[in-house]
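Chemist: quick one: sequence and predicted model below, then my questions.
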Amino acid sequence: MRHGKKINHLGRTSAHRHALLSNLASSLILNKRITTTVAKAKALRKYVEPLITKAKTDSTHSRRTVFAYLQNKESVKSLFGEVAGRTADRPGGYTRIIKLSGVRVGDAADMCLMELVDFNDIYKKDGTAKKAKTRRSGKGKKEETAATTEAVATEAKEEKPKKTAAKKTKKEE
């Protein structure tokens, strides 16, 4: 039974596990996307998301705390620079795990792609809005119908004075 056992030990000692998660987190921050096993990705999510939250407040204390976890100056600089800038308005959920269809050749472990959410342009709402403006969007049709509607309205306005003028001439006769 696994009563109260929340940590997946990943078959490693404590020091080995901390080194593994530190290296995976540094790679994720520097490359914005890594391929790993599903078990490691789920353990990495719990490790890296609090670091990204801490990076939102750029202070010496938070930089030193994050550096204690990552042990990599370049990844700390990238985390407090571009990553914190893009995730500033997001309340959480900075990572995404996409399961891949294949398995690893050596041990048939389930593989996945782990990425930072704000750095993928495919899934962004702005990206979908740009995709919607294709040839078949119907925007041109709406403009054409609006133009024809306006033309018909102006013709109708022009015809009404002509009819009233014609009526006046009949009354005058």
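Modeler: Arrived safely, thanks for sending.
Chemist: so which bits of the top strand by length along the chain are buried?
Modeler: In the chain, assigned by DSSP state E, the strand with the most residues is strand 95-103. Residues residue 96 are the ones in strand 95-103 that count as buried (16 or more other CB atoms under 10 Å). For every residue, glycine as well, the C-beta is placed using N, CA and C.
Chemist: spell out the secondary structure type for residue 68.
Modeler: The local conformation at residue 68, judged by DSSP: H, G, I helix; E, B strand; the rest coil, is helix.
Chemist: whoops, residue 34 was the one
Modeler: Assignment for residue 34 (three-state DSSP): strand.
Chemist: distance between the ends of stretch 106-123?
Modeler: 32 Å (CA to CA, to the nearest Å).
Chemist: what comes into contact with it?
Modeler: 28-29, 32-39, 41, 44-45, 83, 86-87, 90, 93-100, 102-104, 127 (CB atoms under 8 Å, 6 or more residues apart in numbering).
Chemist: mind listing what's buried in that stretch?
Modeler: Buried residues in stretch 106-123 (16+ other CB under 10 Å): 111, 112, 114, 115, 116, 118, 119.
Chemist: and what of stretch 64-76?
Modeler: Result for stretch 64-76 [16+ other CB under 10 Å]: buried residues 66, 69, 70, 72, 75, 76.
Chemist: which residues does the last one contact?
Modeler: It stands for residue 76. Residue 76 neighbours (CB under 8 Å, 6+ apart): 63, 66, 67, 70.
Chemist: which of the three states applies to the closest residue to the last one other than its chain neighbours?
Modeler: This means residue 70. In this structure, residue 70 finds its nearest non-sequential neighbour in residue 26, 5.3 Å apart by CB to CB, 6 or more residues apart in numbering. Put simply, residue 26 is helix when judged by three-state DSSP.
Chemist: domains for this structure, by residue range?
Modeler: 14-130, 135-172 (automatic domain parsing).
Chemist: mind putting the ones you listed in a markdown table, distance to residue 6 and mean pLDDT included?
Modeler: A markdown table is the format used below for the domains of the chain (distance: least, CB to CB, whole Å; pLDDT from 0 to 100):
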| stretch | distance to residue 6 | mean pLDDT |
| --- | --- | --- |
| domain 14-130 | 9 | 93 |
| domain 135-172 | 49 | 56 |
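Chemist: any chance of the contacts of residue 76 in a markdown table with distance to residue 12 as columns?
Modeler: Below are the contacts of residue 76 laid out as a markdown table (distance: CB to CB, whole Å):
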| residue | distance to residue 12 |
| --- | --- |
| 63 | 28 |
| 66 | 22 |
| 67 | 23 |
| 70 | 18 |
